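> heads up, no residue letters with this:
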């Protein structure tokens with residue numbers, strides 16, 4: 001049982017960085033049922049959202065490296081919360097940009113609308 005719990009913890013901790021809690025639950029259960037990490041692939045329609053910080057290059061030229069890391073860390077945390085709240089999947093952080101998608105790996109019929117909601121919610125969070 002201890003080995004099973006350890007395996008589930010490892011799977012979850014790796015997936016939680018990139019997937020919404022609902023997707024983590026489904027993938028973890030699938031992996032535990034199969035005894036390995038196995039992700040199926042399907043062709044589907046999804047929406048990708050790209051976000052970056054306007055003027056960040058200029059801003060980063062004026063800051064020391066630790067300040068840049070602190071700003072990006074806080075920004076990425078807040079924006080990832082918005083993505084996950086709308087059942088989106090984080091694809092990657094790249095520089096000051098975020099790439100995420102909605103409608104995969106779980107089908108969401110209103111993925112395009114949710115992507116719009118994510119964009120609006122991201123702007124609101126930034127203003128806060």
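That came in fine, so what should we check first? The model shown is predicted, which means the values in this text are computed figures rather than measured ones.
> in this structure, which residue is closest to the centre?
When C-alpha atoms, centre = their mean is applied to the chain, the residue found nearest the centroid is residue 90 (2.4 Å).
> just checking, what packs against the helix of greatest length in the chain?
The residue-count maximum for a helix in the chain (DSSP state H) belongs to helix 65-85. Taking 3 or more C-beta pairs under 8 Å, 6 or more residues apart in numbering; DSSP states H and E as contact, the helices and strands that helix 65-85 lies on are strand 89-94, strand 97-102, helix 111-127. All C-beta atoms are positioned from the backbone trio N, CA, C, and that covers glycine.
> For residue 7, find the nearest of these.
strand 89-94 (22.5 Å; C-beta to C-beta).
> where does the protein have low pLDDT?
Across the chain, the ranges flagged by pLDDT under 70 are 1, 33-42.
> give me that answer again for 50
Low-confidence segments of the chain (pLDDT under 50): none present.
> Single out the most deeply packed of the helices and strands packed on helix 65-85.
Of all the helices and strands packed on helix 65-85, strand 97-102 has the most neighbours on average by mean count of other C-beta atoms under 10 Å, namely a mean of 20.
> In terms of secondary structure, what does that one contact?
Judged by 3+ C-beta pairs under 8 Å, 6+ apart, the packing partners of strand 97-102 are strand 47-51, helix 65-85, strand 89-94, helix 111-127.
> Would you mind putting those into CSV with distance to residue 12 alongside?
CSV is the format used below for the helices and strands packed on strand 97-102 (distance: least, C-beta to C-beta, whole Å):
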stretch, distance to residue 12
strand 47-51, 25
helix 65-85, 14
strand 89-94, 15
helix 111-127, 24
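> residues in contact with residue 78?
125, 126 (C-beta atoms under 8 Å, 6 or more residues apart in numbering).
> can you pull the contacts of the closest residue to residue 22 other than its chain neighbours?
Among residues not flanking residue 22 along the chain, residue 87 sits closest, at 6.2 Å (C-beta to C-beta, 6 or more residues apart in numbering). Contacts for residue 87 (C-beta under 8 Å, 6+ apart) come out as 20, 22, 23, 102, 106, 108, 114.
> Perfect, I'm done here.
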